[in-house]
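Enquirer: no FASTA, just this:
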Ligand SMILES: Nc1ncnc2c1ncn2[C@@H]1O[C@H](COP(=O)(O)OP(=O)(O)OP(=O)(O)O)[C@@H](O)[C@H]1O
């Protein structure tokens, strides 16, 4: 049995359905990618898993426990961490304060956690006193990732980490996440439109289209632009 299963999931904004049928599983320690074009339901899926969007059907099992019925905070305590689209850092708070906001409410002292996470994302170390809003897009994404990791999630959900970021910074984020997966037992689910990023980082890739996710793209087909386009509508 897989540890993290999502089956026949449906979600809606009020009366308007956005996810019609989502079926996938994630094994512990895996990096799973979900490819999809604009408006196909990627953000909605991550928000449904983390509790921000109303689920109207189906099941989500996390470590054998149903997530349905758990509020956002309870899901976070269970080990889910979301790095949202647009990063959502606090622009007027310093980098250090942004990181501490990720830990607030936890039982561990903040300083050692921040130091531990900064070892992974060393570029942030010299920026600790700078306001979040004064960072570049790539630096803000590193900050959002680090803030999420400060809560020590078991499963980290990444919503389009490459959006609006320069190619050189995308490589840095990719390298950092690869390093993270090598040095920890974290599990990652990422939704993306960037084919190179997702293929470079993921163990397995699914496609989402029109609120339906039920197909894996075989790894060998990820290099075939025509096959990927057929699956997702994303130009390779
Ligand atoms: N707050 C909302 N209220 C109503 N409908 C919404 C809301 N947010 C998203 N939708 C709709 O739900 C569908 C899926 O949107 P979603 O944001 O999940 O797509 P996406 O794949 O993440 O797109 P993008 O890559 O542009 O972020 C779209 O039809 C969108 O218009």
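Expert: Done, it's in. Keep in mind that what you see is a predicted model, and the values were worked out from it rather than measured.
Enquirer: What separation do you get for residue 145 and residue 167?
Expert: 18 Å (Cβ to Cβ, to the nearest Å). Heads up, the C-betas are built off the backbone N, CA and C, glycines and all.
Enquirer: Neighbour count for these two, which is higher?
Expert: residue 145 (24 against 10; other Cβ atoms under 10 Å).
Enquirer: hang on, the more buried one packs against residue 159?
Expert: No: applying Cβ atoms under 8 Å, one finds residue 145 not in contact with residue 159, separated by 11.4 Å.
Enquirer: Run through the bridge partners of the residue sitting nearest the centre point of the chain.
Expert: Among the residues of the chain, the one closest to the centroid is residue 158, at 1.5 Å (Cα atoms, centre = their mean). With DSSP bridges as the criterion, the beta-bridge partners of residue 158 are residue 83, residue 190.
Enquirer: Can you tell me how far it is from residue 21?
Expert: With distances taken as Cβ to Cβ, residue 158 is found 23 Å from residue 21.
Enquirer: just residue 5 next, same as before
Expert: Using Cβ to Cβ, we find residue 5 at a distance of 14 Å from residue 21.
Enquirer: How about residue 178?
Expert: Distance from residue 178 to residue 21, counting by Cβ to Cβ: 32 Å.
Enquirer: Same check on residue 211?
Expert: 8 Å.
Enquirer: same question, residue 220
Expert: Taken as Cβ to Cβ, the span from residue 220 to residue 21 is 26 Å.
Enquirer: For these two, indicate the residue with more neighbours.
Expert: residue 21 (15 against 8).
Enquirer: My guess is the more buried one contacts residue 6. True?
Expert: No: counting by Cβ under 8 Å, residue 21 does not reach residue 6; the two are 10.5 Å apart.
Enquirer: what residues are shared contacts of the two?
Expert: With contacts taken as Cβ atoms under 8 Å, 6 or more residues apart in numbering, residue 21 and residue 6 have residue 58 as neighbours in common.
Enquirer: Kindly report the residues of this structure close to the ligand.
Expert: For the chain, the contact set with the ligand under Cβ under 6 Å from any ligand atom comprises 13, 16, 18, 36, 38, 39, 40, 41, 42, 43, 44, 85.
Enquirer: Need the buried ones from these selected in ChimeraX.
Expert: In ChimeraX syntax, the buried subset of the residues of the chain next to the ligand is picked out as below (16 or more other Cβ atoms under 10 Å):
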select :18,36,40,41,42,43,44,85
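Enquirer: Max pairwise distance over the residues of the chain next to the ligand: which two?
Expert: Taking Cβ to Cβ as the measure, the residues of the chain next to the ligand span a maximum distance of 19.4 Å, between 16 and 85.
Enquirer: biggest helix in this protein, by residue count?
Expert: When the chain is parsed with DSSP state H, its longest helix is helix 167-183.
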